[in-house]
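>>> generate a structure from the sequence data that follows.
(one chain, ligands or ions: 1)
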Amino acid sequence: MKLEAIAGSMKVREYRHRNRLVVSACVAALYAAGVAPLPAMAQDADDVWAESVLKQMTLDEKLDLVRGSNPFAAKPKLSRDVAKGAGYVKGVPRLGVPYLTESDASVGVANMMGGLRPGDVATALPSTVLLASTWNAPLVERGSAMIGAEARDKGFNVLLAGGVNLAREPRNGRNFEYFGEDPLLAGTLAGHAIRGVQSNHVMSTIKHFALNTQETGRTILSADMEEGPLRESDLLAFEIGIEIGQPGSVMCAYNKINGTFGCENSFLLNDVLRRDWGYKGFVMSDWGAVHGPSIRAGLDQESGTTPADAGYFGSQLRTALAAGTVTEADVDRSVRRILRSIHAVGLDTHPPAHRDIDYDANGRVAQEVAEGGIVLLKNARNLLPIAASVRTILVVGGHADVGILAGGGGSSQVNPVGGAVLKIPAAFGRKLYSNSSPVAALRNALPKATVSFDDGTDPQRAADAARKADLVVVIGEQFTTETMDVKDLNLPDNQNDMIAAVAAANPATVVVLVTGGPVLMPWLDKAGAVLEAWYPGQRGGEAIARVLTGAVNPSGHLAMTFPASERQLPNPTIPGYEMAGETVQRDLYGLPKDMKPFSVTYPEGANAGYRWFDKTGAKPLFPFGHGLSYTRFSYKNLRVTGGATPRMSFTIANTGKRPGADVAQVYARVDGAKRLVGWSRVDLKPGESRQVSVDVDPRVIARFDVAARNWHVAEGTYDIEVGEDAGQPVLKAKVRLDEQRIKP
Ligand code: BGC
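Model prediction:
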């Protein structure tokens, strides 16, 4: 009997969520029929569907499925039903295989690919580093489900989301797209973000695999790190993110890793991802990241080709097939993986459609996420929340009279709902402001106060105005973008001088930072309070106002360390920056003309971010995990259970006067290095206390044994610390752990 007849007769789709045994029976039937056996791993209904479809495909159809293209350049033109974004892949409608319609990305349905088209708008979710700073998995999942639903309702079935590269280089221009510097936090939250997106039957990626740590020279550099530290840091974030999120696709990175490009890195794609982690989805390339028909190295699909170049997975793959250096079985393997993910996420059974979107409801979700991830860094003399006695407020800078910088630049940029109220040209793109003015939001929230605005371009004028106000809110803004790193951690355009002048004129000055990542604060001792609002998205102005007025009690905690100076960093200058600088002449993927390949090494190894600060004893400006509240919390009664399944329990109490949420963090010392091993986020009323427990994933307390290819928890006594951040511990204990070996 033919394979498709067997599979078809079993109506495999109906078995998707049913008993494995049924599927196994089907697979057994396939074997009995003597047809090509499926790979040796456990089979499920998705594999069976993929196999049945694959068998009916022609070679041309298969080759279409392994090559993505630019929808705006398609010839002949694509029909109106195919949503146009970052890319598309031709489907096989006769077999129920949909076109893949791809859009960026993690902070909303990006709509820049076809240029800035006024009517083409989407809800701007706050930046991913803000999502990470919520430490709140359900909230991250909800926010991401919202953008996934928008993608679906705009006709897309793939969202190029799930950026989980560790933010180990604070000057990286894309940190705003990533989940911070810790593998457990980043992997966990990225996993939930992916889950949120895919709950709409919209496939998510996880990207950029791996060690895409900077933008400077991203397409030519080699990121070099030994396997052990790599497994314990950046790869661990992917490992956890994939386990939780089950993304349909992994996007390989532009850069080389230890000398081999990400998209032809058989070690990463075949050995780590598939052999060790058992990943069953497919690998798609980043746009323009392919250098050959590298299907045997583990790449399944090339993205972003044009009809003119046809890509390496176009004409070159055909040539390789003809020459026999690639076989149809190689192509089948990739097609099978792509089909599998299509079925696993339900793209075939839940086609996206152009539907009306409730932008108001979605704006509220974006605002709620922003309110959860804004971090109160400093609050001297309880300057915040704004006291009822405050009558005159001066807001300075950030174009806060018209809107708020909604996000960073590059492929992820979202043209916000309502259209950008302000567009300012920037190197490599433009800054877009959403219609969410902090000034207007403060006026609404505080009808009895007079709120005025100064644009901050003249520090003296701003300082004079500041002197006359009861309270000053000054915005410090830093635009970051894909393709470019920032040259240093200073706020650009003399804003530091302006903020220093304003804060010196009035100690009741609140600095609100709207930045892609950490910045230096030479004016910190003069400022009364500081809020890190990251890029707060569609309704960032309202979210900031609600935190300032106390309608929201801040609960965000930094997902990145804020250094006190660049000298504290493992690489005091960005590798390669001297060759790129702020050159504006760059190729399509951001590479400055004449830049030569180079290597990036990582003195910190697995000890990125706070771990490096801990190891070197350097005191950051603000530690990872830091975040104040308008109430206070205390911790007591730390009890630890060791053995093979470590668990830490303790009591958190709200000892202040307001309801609030706390993020208590548990760290362990592994071979002397500090590691986040868990956290507990709890909402508590004043006077309320709760006992919480943190179960530790043994991998975060293990070393990776490269020779044995497994995680090794050494038997012994480990120091455990519970704290409000990665700096000073509040509670300490020792725990005795058994020796353990865990397969990745
Ligand atoms: C970026 C990816 C993005 C892709 C498609 C690339 O330049 O690195 O993150 O998904 O473009 O727009």
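
>>> buried sites along stretch 490-504?
490-491, 495-496, 498-504 (16 or more other Cβ atoms under 10 Å). Every C-beta, even on glycine, is put in place using the N, C-alpha and C of the backbone.

>>> before we move on, what about stretch 571-591?
Result for stretch 571-591 [16+ other Cβ under 10 Å]: buried residues 571, 574-577, 580, 586, 589-591.

>>> next one: stretch 266-275
268-269, 272-274.

>>> do stretch 721-733 as well
721-727, 729-731, 733.

>>> of the buried residues of stretch 490-504, which belong to helices?
495-496, 498-504 (DSSP state H).

>>> ok, of these, which one's closest to the ligand?
Gln495 (28.3 Å; Cβ to the nearest ligand atom).

>>> any chance of the ones in helices among the buried residues of stretch 490-504 in TSV, plus pLDDT?
TSV is the format used below for those (pLDDT from 0 to 100):
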residue	pLDDT
Gln495	98
Asn496	98
Met498	98
Ile499	98
Ala500	98
Ala501	98
Val502	98
Ala503	98
Ala504	98
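
>>> among the residues you listed, which pair sits farthest apart?
Gln495 and Ala504 (14.5 Å; Cβ to Cβ).

>>> how about the buried residues of stretch 721-733 in JSON lines, adding secondary structure and pLDDT?
Listed next are the buried residues of stretch 721-733 as JSON lines, based on DSSP: H, G, I helix; E, B strand; the rest coil; pLDDT from 0 to 100:
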{"residue": "Glu721", "secondary structure": "strand", "pLDDT": "98"}
{"residue": "Val722", "secondary structure": "strand", "pLDDT": "98"}
{"residue": "Gly723", "secondary structure": "strand", "pLDDT": "98"}
{"residue": "Glu724", "secondary structure": "coil", "pLDDT": "97"}
{"residue": "Asp725", "secondary structure": "coil", "pLDDT": "98"}
{"residue": "Ala726", "secondary structure": "coil", "pLDDT": "98"}
{"residue": "Gly727", "secondary structure": "coil", "pLDDT": "96"}
{"residue": "Pro729", "secondary structure": "strand", "pLDDT": "97"}
{"residue": "Val730", "secondary structure": "strand", "pLDDT": "98"}
{"residue": "Leu731", "secondary structure": "strand", "pLDDT": "98"}
{"residue": "Ala733", "secondary structure": "strand", "pLDDT": "98"}
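
>>> just the residues you listed now: which is nearest the ligand?
Nearest member of the buried residues of stretch 721-733 to the ligand, counting by Cβ to the nearest ligand atom, is Ala726, at 28.5 Å.

>>> which residue packs closest to the closest one, ignoring adjacent ones?
Leaving aside its chain neighbours, Ala726 sits nearest to Tyr610 (3.8 Å; criterion: Cβ to Cβ, 6 or more residues apart in numbering).

>>> and that neighbour, how many neighbours?
25 (other Cβ atoms under 10 Å).

>>> who in the stretch 101-250 of the chain is up against the ligand?
104-105, 160, 207 (Cβ under 6 Å from any ligand atom).

>>> what is the nearest of those to the ligand?
Leu160 (3.7 Å).

>>> any idea how many residues pack against that closest one?
Leu160: 29 neighbours (other Cβ under 10 Å).

>>> could you do the one 3 residues further on as well?
When neighbours are defined as other Cβ under 10 Å, Gly163 has 29 of them.

>>> and if you look at the one 3 residues further on?
For Leu166, the number of neighbouring residues by other Cβ under 10 Å comes to 30.

>>> before we move on, what about the one 3 residues further on?
For Glu169, the neighbour count with other Cβ under 10 Å is 26.

>>> check the spacing between it and the ligand real quick.
16 Å (Cβ to the nearest ligand atom, to the nearest Å).

>>> pLDDT at the residue lying closest to Thr219 once chain neighbours are set aside, what is it?
Counting by Cβ to Cβ, 6+ apart, Thr219 lies nearest to Tyr254, which is 4.6 Å off, once chain neighbours are set aside. pLDDT recorded at Tyr254 is 98.
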